[in-house]
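Novice: Build me a structure from this.
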Amino acid sequence: MADYVILTDSSTDLTKDLRERFGIDDYLPGNINFPDGHTEDSTLDWENISPQDFYTSMSKDSMYSTSIKGLEVQEAFFEKYLKQGKDILNISLSHALSNTYDCCRKAASNLQEKYPDRKIICVDSLRYSGGDGLLCSIAGDMKKEGKSIDEVAQWLEDNKHRCHQTGTVDDLKFLAKMGRCSNVSAFMGSLINIKPIAEFNRDGMNQIITKVTGYKKLFAAMIEYMKATIEPNPKRIFVSHTFRKAQWLQLQELIREEFNPEEIIPTTVCMANGSSIGPGMVVAFYMGKEISEGLVEETKLLEDIKAKL
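Specialist: Just a heads-up that it's a prediction; the model follows:
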């Protein structure tokens, strides 16, 4: 069985220590365009700006944007490992949120003729942020257990619709401007203390499916929703935030008390994701029941929960 590497992009929120721990061999950062006009790599490790400074600037209406590196750079990134005789499993953020996956597929196709004996498998995670990171972490665990590249890729394809998010972004203007969330318009307007609750749909897009008032009701709804959708004896739950540290810490405690997972992975959302989300996100990512078509079951569940709050 040929050796293989697990590659990804700058959407996973996996810092260097987490990438090393989970066996993520490398990632290709995109570009992040700063308000002053200069461009940097959208790295995962906050080398040139702190999360606090980044999200503080966004709270003052500074706008950032992102772009992918392009086909030639993606091909060079893959070829670095193909030249070493290694197969590639590349896990991309959702195609609904970025052109990254399409670029990876094109790069793989272009390189396959040159390296006919190598496998290049590109998986669309249909997720972003901690959801993407959670799937990458499981892939890394499976590789360490001796699973082949085909076995890991097939597991990802079979199980990515079981990767949930529940939580809020309490300032929707960035998502609305960037087109990163469906159904935003229904929840715009007077959003003082309103907490929209979003879930992934089967197309890999964030979709707001209900709203509550205040963090107390938000966390109560989230925990009840998780009770109904999470897998038994959860192993790993990612809890992510953008400039909401107090609420982020509170949510971790609530999850620990209610579900006692083997581990909670706390993450700060990286620049690539944060530029579209803005300050105000507090979200849990976890494995559970398969998500329904059109989020019909999840919407009904949350509306029933909301009615009892």
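
Novice: Could you give the number of residues near the nearest residue to residue 194 once chain neighbours are set aside?
Specialist: Computed as Cβ to Cβ, 6 or more residues apart in numbering, the closest residue to residue 194 that is not its neighbour in sequence is residue 211, at 5.4 Å. Where you see a C-beta, it was placed from the backbone N, CA and C, and this is true even at glycine. Using other Cβ atoms under 10 Å, residue 211 has 19 other residues around it.

Novice: please renumber so the chain begins at 20
Specialist: Yes, from this point I'll number from 20; that puts the last item at residue 230.

Novice: SS state for residue 230?
Specialist: Here residue 230 takes the strand state, with states given by DSSP: H, G, I helix; E, B strand; the rest coil.

Novice: residues contacting it?
Specialist: 206, 213, 214, 215, 216 (Cβ atoms under 8 Å, 6 or more residues apart in numbering).

Novice: how far away is it from residue 189?
Specialist: Per Cβ to Cβ, to the nearest Å, residue 230 is found 10 Å from residue 189.

Novice: Likewise for residue 261?
Specialist: For residue 261, the distance to residue 189 - Cβ to Cβ - is 10 Å.

Novice: Check residue 88 too.
Specialist: Computed as Cβ to Cβ, the residue 88 to residue 189 distance reads 32 Å.

Novice: just residue 40 next, same as before
Specialist: Counting by Cβ to Cβ, the gap between residue 40 and residue 189 amounts to 31 Å.

Novice: higher neighbour count, those two?
Specialist: Each of residue 40 and residue 189 has its neighbours counted (other Cβ under 10 Å); residue 189 has more, 20 against 13.

Novice: State the distance from the more buried one to residue 215.
Specialist: Taking Cβ to Cβ, one finds residue 189 at 8 Å from residue 215.

Novice: cool, residue 185 as well?
Specialist: Counting by Cβ to Cβ, the gap from residue 185 to residue 215 is 11 Å.

Novice: same thing with residue 188?
Specialist: On the measure of Cβ to Cβ, residue 188 and residue 215 end up 7 Å apart.
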